[in-house]
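[1] Next one to model:
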Amino acid sequence: MIESQLKPCGVIDPRVLQAMAAVPREDFVAQGRRALAYADLEQPLAPGRAMMTPLTLGLMVQAARVEPGERALVVGAGTGYAAAVLGRMGAEVVALEESPTLAARARALVAGHGRVTVVEGPLARGAPDRAPFDLILIDGAAERLPAELVAQLDPRGRLVAVIVDEDGVHRLGLGRASPAGVAFDWLAELHAPPLEALRAPPMFRF
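    Numbers count the residues shown, from 1 in each chain. A predicted model of the protein is given here:
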């Protein structure tokens, strides 16, 4: 994974590579898919939910530039893989998951990977009682960023997400808090599994 997927495609931060090498991805995939854990594939976790490819997550974490001791919120944490990687990098992580089944599995799996706390609740609501956060990482593609979630970002914080535009194009963005909400620098076109909770409402078009 590291030598054939991450490094050739630009994930070269030693801290990111070390963290992803230290977290056994095969533990976090669905039962029966351990042999495919390190393939360049999105891994199905539950109906409508999937784990990002290693490359997508690696590029997101590298863009985030997380530092030890920073407070991070992972939205749509699934079984906790991304949260465990951030935990390995020294962040204090809140892993937010709305599925009780996935959250229960994440609690068992993130143990031993740093300071990671799994909380259950609506993804669009975030974790306001634990805010503010230095970093918010959306663990899936988002069509919208709810104002309540954005408000939980520290004024000097970063938000890393794959945003889906109106034409369906997925773009990795590094956002920073601004008076208008979040101002993004767009880094790459990069696919991520969509999060239903962060879809945009249907729009009427002629």
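[2] only C-alpha atoms for contact and neighbour calcs from this point on.
    Will do.
[3] Quick check: closest non-adjacent residue to Cys9.
    Sequence neighbours aside, Leu55 is the residue nearest to Cys9 in space, at 7.7 Å (criterion: C-alpha to C-alpha, 6 or more residues apart in numbering).
[4] so what's the one you found scoring on pLDDT?
    Per-residue pLDDT puts Leu55 at 97.
[5] what about it, how many neighbours?
    21 (other C-alpha atoms under 10 Å).
[6] swap in Glu120?
    If you count neighbours by other C-alpha under 10 Å, Glu120 ends up with 18.
[7] who does it bridge with?
    With DSSP bridges as the criterion, Glu120 is bridged to Glu97.
[8] Show me how far the one helix or strand Gly157 maps to is from its chain's centre.
    Gly157 is located in strand 153-164, with elements delineated by DSSP states H and E. Put simply, strand 153-164 sits 11 Å off its chain's centre (C-alpha atoms, centre = their mean, to the nearest Å).
[9] I'd like the next helix or strand past it.
    Downstream of strand 153-164 (by DSSP H and E), the next one is strand 170-178.
[10] got the contact list for that next one?
    60, 63-64, 141, 153-165, 182-192 (C-alpha atoms under 8 Å, 6 or more residues apart in numbering).
[11] That strand: which residues count as buried?
    For strand 170-178, burial by neighbour count (16 or more other C-alpha atoms under 10 Å) applies to 170-177.
[12] Relative to Ala77, which of these is nearest.
    Among these, Leu172 lies closest to Ala77 (C-alpha to C-alpha), at 17.5 Å.
[13] Verify the contact between Ala50 and Gln43 for me.
    Yes. Ala50 is within contact range of Gln43, at 5.2 Å (criterion: C-alpha atoms under 8 Å).
[14] Low-confidence regions, this protein specifically.
    Across the chain, the ranges flagged by pLDDT under 70 are 202-206.
[15] middle-most residue in it, spatially?
    In the chain, the centroid-proximal residue (C-alpha atoms, centre = their mean) is Asp139; its distance is 2.6 Å.
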